[in-house]
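Enquirer: I would like the atomic coordinates for the input below:
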Amino acid sequence: MTAAQPDVSVIIGAYEAMPYLVECLQSVEGQTLDPARIEVIAVDDGSTDGTGEYLEEFAKRAPMTVTVIRQENSGGPSGPRNVGLDQARGRYVFFLDADDRLGTEALERMVAMADEHRTDVVLGKVVGVNRNAPKSMWGKTLPRTDVFSSKIKFTLSAQKLFRRELLTRHGMHFDESLKTGEDALFTMEAYLRADGVSVISDYTCYYLVGRDDGKHVTKSGSYSLRFDSARALMRLIAELVPAGPRRDLLMVRPFLITLLPQFGPVFLTNSEEIRAHKLELAKPLMDAYWHEGLARQLKVNERLRLHLVARGRADLLADVVGFVKANKAPTVFIDPRGGRAYLAYPHFRDRAAGLPDEWFVPTVRETVAVEAFKPTTTVHFRRLRKAARRLRKAARRVLKVRRAA
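Expert: Modelled structure (predicted):
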């Protein structure tokens, strides 16, 4: 590191960000990391609400180096982020949304973590303010991990610390053709190319703020954009990870988080035309990437819906979606011939539907509401299997006694 090179470049893409920008910049100004080790590159993407003027005022008084770039509106977050990335000089870059804010020690902790463990990406704990935030990956701090042995695949937003050398070596930029999910594509590629990833779970590094005006970028866009996002992410995973269990592990993410919600409760409100169009958009993705090994990783209601999507069965799919939306508990059916358990969602063993029994087999970890034993009682499938084995043994003993008599 040269004397003039900052440790971290904080890249802020801002569009119509007032008044949230005020607290955002305060959180940058209040960082415990030495201001001489921080540079801020703020890109005003054609705002008309005073965002650009406020950024320029901040640049005059901030204790760290601040560069403000003002441009015509680009139509999405990728353009400003790419402009900032091309201007960055820091060893690391951090993408900060203009309506969010940093924890006071965030940059200091993340830079120290990356330096100590020589990792290329650092995830700092995120909490939501008036909105939901991902939770599953914050169980414990992980000094060094990867995308296959942790749950980081379920947080693909761009608000992370990236080693800039990694990004420049692979020519990484945000895909400006995508209007949603562009950060997922960028972050997944970084995970896959990184020499180690760190997770900080014992300190809140990032506050994900829900806007009162509902203008957060992730809330906008038509359903077709979600299919564009899923397609790009699936293609990336297929290109960088050979076919097999490791690829399947990652493919769960776009199927579960991006594709499946299009066939959730909203599907019931869609017109027949939109339903047909969604199935048309999904078909090439299902044909290319959906298979039984991937399906087995999902819960029955998730797996069943995606299997029906793959078959283009909008009629049966609507029945299953309605059942799930009503929060009904499926009856557990234990086959008397072999003791195998199934979750009897709509069209289970319906001859007219012709759906395979395998689609209804619960995962080992799946918890189900067992109507056959006690309504709304939750038990693990392992307990179900043990109970079935005990019943079979008892039946054999009775049969043996009867035969002897």
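Enquirer: Assumed Gly75 was part of a strand.
Expert: No - Gly75 sits outside any strand when classified using DSSP: H, G, I helix; E, B strand; the rest coil, being coil.
Enquirer: isn't it right next to Lys179, touching?
Expert: Yes - the pair Gly75 / Lys179 is scored as a contact, 7.4 Å apart, by CB atoms under 8 Å. To be clear about C-beta, it is placed using only N, CA and C from the backbone, and glycine gets the same treatment.
Enquirer: For those two, indicate the residue with more neighbours.
Expert: Per other CB atoms under 10 Å, whichever of Gly75 and Lys179 has more neighbours is Lys179, with 20 against 12.
Enquirer: I figured the more buried one hits Gly79, correct?
Expert: No - look at Lys179 against Gly79 with CB under 8 Å: they stay out of range, at 11.2 Å.
Enquirer: The helix or strand encompassing Leu249 - what's its average pLDDT?
Expert: Secondary-structure assignment from DSSP states H and E places Leu249 in helix 245-253. For helix 245-253, the mean pLDDT works out to 96.
Enquirer: Can you name the residues in contact with it?
Expert: For helix 245-253, contacts defined as CB atoms under 8 Å, 6 or more residues apart in numbering pick out 147-148, 153-154, 156, 188, 233-234, 237-238, 241, 289, 293-294, 297-298.
Enquirer: can you tell me which of the residues you listed lies nearest to Thr258?
Expert: Comparing the contacts of helix 245-253 against Thr258 with CB to CB picks out Leu233 as the nearest, at 6.8 Å.
Enquirer: give me phi/psi at the closest one?
Expert: Main-chain dihedrals, Leu233, degrees, to the nearest 10: phi -70, psi -40.
Enquirer: Check the spacing between the most centrally placed residue in the chain and Thr187 real quick.
Expert: By CA atoms, centre = their mean, the chain has its centre lying nearest to Phe154, at 3.6 Å. Per CB to CB, to the nearest Å, Phe154 is found 11 Å from Thr187.
Enquirer: How many residues are close by Pro330?
Expert: Other residues within reach of Pro330 by the criterion other CB under 10 Å amount to 21.
Enquirer: That one - nearest residue in space that isn't next to it in sequence?
Expert: Leaving aside its sequence neighbours, Pro330 sits nearest to Leu343 (CB to CB, 6 or more residues apart in numbering; 4.3 Å).
Enquirer: right, and that neighbour touches Val332 too?
Expert: Yes - judged on CB under 8 Å, Leu343 makes contact with Val332 at a distance of 6.4 Å.
Enquirer: Between those two, tell me which one has more neighbours.
Expert: For Leu343 versus Val332, the count of surrounding residues by other CB under 10 Å is larger for Leu343: 23 against 20.
Enquirer: For that one, report the pLDDT, please.
Expert: On the pLDDT scale, Leu343 gets 94.
Enquirer: Also Arg397?
Expert: As predicted, Arg397 sits at a pLDDT of 70.
Enquirer: cool, Ala405 as well?
Expert: On the pLDDT scale, Ala405 gets 50.
Enquirer: What of Ala59?
Expert: Ala59 carries a pLDDT score of 98 in this model.
Enquirer: Nearest spatial neighbour of it, chain-adjacent residues omitted?
Expert: Closest residue to Ala59 apart from its sequence neighbours, by CB to CB, 6+ apart: Val66 at 3.8 Å.
Enquirer: now do Val197
Expert: Here the nearest residue to Val197 in space, its sequence neighbours aside, is Val121; by CB to CB, 6+ apart that works out to 4.6 Å.
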